[in-house]
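Asks: what's the 3D shape of this:
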Amino acid sequence: NLLLHEKMVDTLSVYMEEDDASSLVERELLDVYDSCQRLSIDGTRSSSSRRGDFGAEHRLPVSEEDHAYPCADTYSLVPPSPPEKWPQRPILMRPSPESGMRIRGARYSSTKTYLPLGGTGYCNGCILPINNGLEKRGESLVVDFESDLFIGTAMLRIKGACDPLQSQRKNAENDNTKADPSSYFHNKKRTFHGTVRGRFKLPGIPMSECITGQVFDRPAGNLPPRIIMKGAISVISHLAPQLQARLHGDCPRFFSPLVSTAQIATSCQKGRTEDCDRADESMEAEMDEPQPSDQSSLLQELLHSTEKASNFMFKLPPDAESIKTRMKCRKKAFDKLHASRSKTPTFDPNSEYTFGFFQHLLLFDEFALNFVKPIGKHPLRGMLNGQPLRFMAAHQIQDRSGVGRSVDEEMRWLWSFDLWHESLYEDAKSHDSAS
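Replies: Residues are numbered from 1 along each chain as shown. As a prediction, the model looks like this:
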């Protein structure tokens, strides 16, 4: 309340000198009023506002800094501010600086109006909000983005992340360590969930050539003993047979096929409207793998394309009650497609695609990988060498000139977000200063 009082005094001292600025004074004072409304006596958000729904209820927290897009830090390789200023410390999400991806805006999933990020601690160019799974339906924060190949919406949830709204709720309500039946993560092992929904902008992009995973721009740091890494890769390779893994060298990476790696992958025909490239709150809901006979199943696109192809044969599997069985059918079919390097099927620009990812190996609170015994937990800081993790997908074009010869490769990003932890910051600054 003291800070809000000082803000009101500063506002009056500035605008009282301007005879023609009465409207600006009114808007600024209403902003302060809305902030006061959020800080009620019991620490909960007030349900009323003189500005309506998008006054106090639908606004990110206020800070001293202001950002325009693209800001000066949009293309910096290291986060522009130290962890002490990160709104969701100890983690931070930003668009990958070298991906060429443009952020259209951040908003609530139930609205089409972008939140005013100026002065919030967030920025379309360098800092984006992450959900923690405790959001009510329609109140999850989503990010609309566009790359050269894809346009759509991303929503990320990380278990234990601090409230992106910084709302003044009671401690019991905001304690993410307690079991909350309304939480997305309640009774789930997973610690991360990411969903992307949108459409491909260009025709002719083969499904077999799109990948997801991790890629780094410089060598890895201190890796675990080789026997442990071999065991870990063996486990991952069993789950992702088409894994491309390169641990050593200048640019380590882990890639696997996009359609077979995603836990959820669906499509639907959607007419072009003004809002067709901005997903609604339905992307918050739990999604199940559709039956192979359902038109939303990507197996249908595989079936229709291979009916005319001779280099890849596919038979539609029968419907199954088990969701895991349906997922295995899709994964097996698209792993085989990836191995065949078939140019069909391709993603349809007139369809909307949804890709869902979740995993339980990464512990963001400890920033460690949690493998099963005897491998156990291993901190990530030393391994990453001051580099962030990525939530990404790309079109990987490879020109193979023959067995045993070099492979020319081109990567075109569909989407790419950097996920930082505060333990990486100093290492990243040191590398940036030395380069």
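Asks: and the helices in the stretch 1-150 of the chain?
Replies: 2-15, 22-38 (DSSP state H, counting those that start in this stretch).
Asks: now the shortest one: average pLDDT?
Replies: The reference is to helix 2-15. Throughout helix 2-15, pLDDT has a mean value of 40.
Asks: could you find the closest non-adjacent residue to residue 352?
Replies: Spatial nearest neighbour of residue 352, chain neighbours left out: residue 270 (4.3 Å); criterion: CB to CB, 6 or more residues apart in numbering. Where C-beta positions appear, they are placed from N, C-alpha and C, glycine not excepted.
Asks: who are the contact partners of the one you found?
Replies: Taking CB atoms under 8 Å, 6 or more residues apart in numbering, we find residue 270 in contact with 199, 276, 350-352.
Asks: now do residue 266
Replies: Counting by CB under 8 Å, 6+ apart, residue 266 touches 287, 290, 296-298, 353-354.
Asks: need the pLDDT of it.
Replies: 96.
Asks: ok, back up a step: dump the contacts of residue 266 to CSV, plus pLDDT.
Replies: As requested, those are arranged in CSV below (pLDDT from 0 to 100):
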residue, pLDDT
287, 89
290, 94
296, 94
297, 95
298, 95
353, 96
354, 96
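Asks: so which of those residues comes closest to residue 129?
Replies: Ranked by distance to residue 129 (CB to CB), the contacts of residue 266 are led by residue 354 at 20.5 Å.
Asks: bridging residues for the closest one?
Replies: Assessed by DSSP bridges, residue 354 has beta-bridge partners residue 197, residue 266.
Asks: quick check: it touching residue 199?
Replies: No - in this structure, residue 354 is not within contact of residue 199 by CB atoms under 8 Å, at 10.5 Å.
Asks: what residues are up against residue 284?
Replies: Contacts of residue 284 (CB under 8 Å, 6+ apart): 109, 135, 137-138, 140, 155.
Asks: need the pLDDT of it.
Replies: Looking at residue 284, the pLDDT reads 93.
Asks: return the distance of the most centrally placed residue in the chain relative to residue 133.
Replies: Ranked by distance to the mean C-alpha position of the chain (CA atoms, centre = their mean), the top residue is residue 156 at 4.5 Å. Going from residue 156 to residue 133 by CB to CB, to the nearest Å gives 10 Å.
Asks: which parts of the stretch 301-435 of the chain are helices?
Replies: Ranges of helices in the stretch 301-435 of the chain, per DSSP H, counting those that start in this stretch, are 323-340, 381-384, 425-434.
Asks: what residues of stretch 126-140 count as buried?
Replies: Judged by neighbour count (16 or more other CB atoms under 10 Å), stretch 126-140 contains these buried residues: 126-135, 139-140.
Asks: measure that stretch end to end?
Replies: Stretch 126-140 has an end-to-end distance of 20 Å (CA to CA, to the nearest Å).
Asks: quick one: average confidence on that stretch?
Replies: Confidence over stretch 126-140 (mean pLDDT, whole number) is 93.
Asks: now do it: distance to the chain's middle.
Replies: Computed by CA atoms, centre = their mean, to the nearest Å, the chain-centroid distance of stretch 126-140 equals 11 Å.
Asks: pLDDT weak spots in this protein?
Replies: Residue ranges of the chain with pLDDT under 70: 1-70, 166-180, 223-242, 248, 271-276, 306-313, 400-408.
Asks: go again using 80 as the cut-off
Replies: 1-72, 117-120, 165-182, 220-250, 270-277, 306-314, 371-376, 398-409, 434-435 (pLDDT under 80).
Asks: do I have it right that residue 389 meets residue 216?
Replies: No - using CB under 8 Å, residue 389 is not in contact with residue 216, being 9.4 Å away.
Asks: what's the burial count for residue 105?
Replies: 17 (other CB atoms under 10 Å).
Asks: run through the bridge partners of it.
Replies: Those that pair with residue 105 in a beta bridge, by DSSP bridges, are residue 144.
Asks: so how far is residue 154 from it?
Replies: Taking CB to CB, one finds residue 105 at 12 Å from residue 154.
Asks: with residue 415 instead?
Replies: 6 Å.
Asks: quick one: common contacting residues for those two?
Replies: Common neighbours of residue 415 and residue 154 (CB under 8 Å, 6+ apart) are 145, 196, 391.
Asks: what sits against the closest residue to residue 73 other than its chain neighbours?
Replies: Nearest in space to residue 73, with sequence neighbours left out and distances taken as CB to CB, 6+ apart, is residue 80 at 3.4 Å. By CB under 8 Å, 6+ apart, the residues touching residue 80 are 71-73, 126.
Asks: tell me the one of those nearest residue 188?
Replies: residue 126 (30.6 Å).
Asks: burial of the residue lying closest to residue 427 once chain neighbours are set aside, as a residue count?
Replies: Spatial nearest neighbour of residue 427, chain neighbours left out: residue 386 (3.1 Å); criterion: CB to CB, 6+ apart. For residue 386, the neighbour count with other CB under 10 Å is 19.
Asks: go on, residue 428?
Replies: Going by other CB under 10 Å, the residues that sit close to residue 428 add up to 18.
Asks: likewise residue 315?
Replies: Neighbour tally, residue 315, other CB under 10 Å: 8.
Asks: dihedrals phi and psi, it?
Replies: phi -120, psi 130 (degrees, to the nearest 10).
Asks: change the start of the numbering to 178 and stick with it
Replies: Yep, numbering from 178; the last one is residue 492 now.
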